[in-house]
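Peer 1: Show me how the following folds:
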Amino acid sequence: MKKRILAMLTATMMVLGLAACGATDTKDGAGDTSAAGSSSSGDLIKVGIINNDPNESGYRTANDKDMKNMFTKENGYDASFAYSLKNDEQITAAQKFIQDGVDYLLLSAADTSGWDSVLKDAQDAGTQVILFDRVIDADESLYAASIVSDMDKEGQTACDWLKAQNLDEYNIIHIQGVMGSAAQKGRSGALTDTAAAEGWNIVNEQTAEWNAEKAQQIVQSVIDSGEKFNVIYAENDDMAKGAVAALDKANISHGVGKDVVVMGFDCNKWALQELLDQNWNYDGQCNPFQASYIADVIQKLQNNEEITEKTIIMDEKGFDATTITEDDVNKYGI
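Peer 2: Here you go, the predicted model:
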């Protein structure tokens, strides 16, 4: 009887041993169907990307293209995109992405405020939030990282340049971007503060919402009013272009050594060419190429690495028509 029990135990041990070997083989990939699907969509990093309208400006077009080139299936991502210039529409899109279970929510906010509730929802859902392009008014604990331009610095660099021109008088048409956006607040704030400190005269201050045609209308209305001006401070290149169209229509000279100083932002290649041709005077860089920085942050988070630099500021320059080179146009133009 004992021999019979021993034989049964031995057989059982052999079966278990074979089963264990089979499990080990499967883990190593032999006959493992899950290993064969390691590059399937189930293993892709799921990201929801909320951006401003790509048609907003040349900067935004370049920014969107950079994001789409990076966050592809070939690079290991399952990316969905949503676009709007309105904060409420962006918030709705963010809520949907969170409900869809994205791993990462990448956000370029239309407005700096109103995001706390959404970010808390993302945190509760286990969705990591990464800001790009623009800062928001929210506690740092609500997002993983922020890859942004320093809009305040962009504006101050431009105003410092304008101050250094030592004009006999400063009568400025200030054309603003979409009100409440980080770019508008930073570039407007610098001019407001500098004008107050230096005693500059802001002849007219209106938003053209990044739009060339609206900017042209604003400048045309000032021309029609007969008010004196000698500086146009436009918060992006497209609005500067619209402003110049109004000047050209009225046969008012502009650029280096001319009647009106023209200033823009974003460094579109065609805008830098205007500087090189000395038709404009200044252009402030806003670096749109942020996708590689974001991807680096995502990979660190995937590897459970600490993000030591919570806010990454893009390196940016300001260009003067009297010193810009053709190499600058080719290197920095977007």
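Peer 1: my guess is Ile136 meets Ala109, correct?
Peer 2: Yes: using CB atoms under 8 Å, Ile136 is in contact with Ala109, at 4.9 Å. (Glycine included, C-beta is placed from N, CA and C.)
Peer 1: Going by how many neighbours each has, rank the two and give me the top one.
Peer 2: A count of neighbours by other CB atoms under 10 Å puts Ala109 above the other of Ile136 and Ala109, at 27 against 22.
Peer 1: average pLDDT across stretch 204-212?
Peer 2: Across stretch 204-212, the average pLDDT comes to 97.
Peer 1: what residues does it touch?
Peer 2: Here stretch 204-212 makes contact (CB atoms under 8 Å, 6 or more residues apart in numbering) with 56-57, 85, 173-179, 184, 214-215, 217-218, 221-222, 227, 229, 234-236, 238-239, 241-242, 245.
Peer 1: which residues are in contact with both of Ile136 and Ala109?
Peer 2: In contact with both Ile136 and Ala109: 115, 182, using CB under 8 Å, 6+ apart.
Peer 1: Tell me the gap between stretch 115-129 and the middle of its chain.
Peer 2: Centroid separation between stretch 115-129 and its chain, computed with CA atoms, centre = their mean, to the nearest Å, is 19 Å.
Peer 1: Could I get the average pLDDT for it?
Peer 2: pLDDT averaged over stretch 115-129 gives 97.
Peer 1: One more: stretch 65-77?
Peer 2: The pLDDT scores in stretch 65-77 average 97.
Peer 1: all strands for the chain, in order.
Peer 2: Secondary structure of the chain (DSSP state E): strands at 45-51, 77-83, 104-107, 128-133, 145-148, 171-176, 201-207, 231-234, 261-266, 282-285, 311-313, 318-320.
Peer 1: ok, and for stretch 151-165, which residues are buried?
Peer 2: Residues 151-152, 154-159, 161-162 are the ones in stretch 151-165 that count as buried (16 or more other CB atoms under 10 Å).
Peer 1: Quick one: the helices in the stretch 151-300 of the chain, in order.
Peer 2: 151-164, 182-198, 212-225, 237-249, 269-276, 291-302 (DSSP state H, counting those that start in this stretch).
Peer 1: quick one on the thing from earlier: give me the buried subset of the contacts of stretch 204-212.
Peer 2: Looks like the contacts of stretch 204-212 have 56-57, 85, 173-178, 184, 214-215, 218, 222, 229, 234-236, 238-239, 241-242, 245 buried, using 16+ other CB under 10 Å.
Peer 1: re earlier: okay if I get the buried residues of stretch 151-165 as CSV plus distance to Asn75 and pLDDT?
Peer 2: Compiled in CSV, these are given as follows (distance: CB to CB, whole Å; pLDDT from 0 to 100):
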residue, distance to Asn75, pLDDT
Met151, 29, 93
Asp152, 33, 95
Glu154, 30, 97
Gly155, 34, 98
Gln156, 36, 98
Thr157, 34, 98
Ala158, 36, 98
Cys159, 40, 98
Trp161, 39, 98
Leu162, 42, 98
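Peer 1: quick one on the thing from earlier: as CSV, the helices of the stretch 151-300 of the chain with distance to Gln123 would be great.
Peer 2: Listed next are the helices of the stretch 151-300 of the chain as CSV, based on distance: least, CB to CB, whole Å:
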stretch, distance to Gln123
helix 151-164, 26
helix 182-198, 22
helix 212-225, 38
helix 237-249, 36
helix 269-276, 40
helix 291-302, 14
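Peer 1: looking at these, which is closest to Thr127?
Peer 2: Judged by CB to CB, the one of these that comes nearest to Thr127 is helix 291-302, at 11.5 Å.
Peer 1: That closest one - contacts with which helices or strands?
Peer 2: strand 45-51, helix 58-70, strand 104-107, strand 128-133, strand 145-148 (3 or more CB pairs under 8 Å, 6 or more residues apart in numbering; DSSP states H and E).
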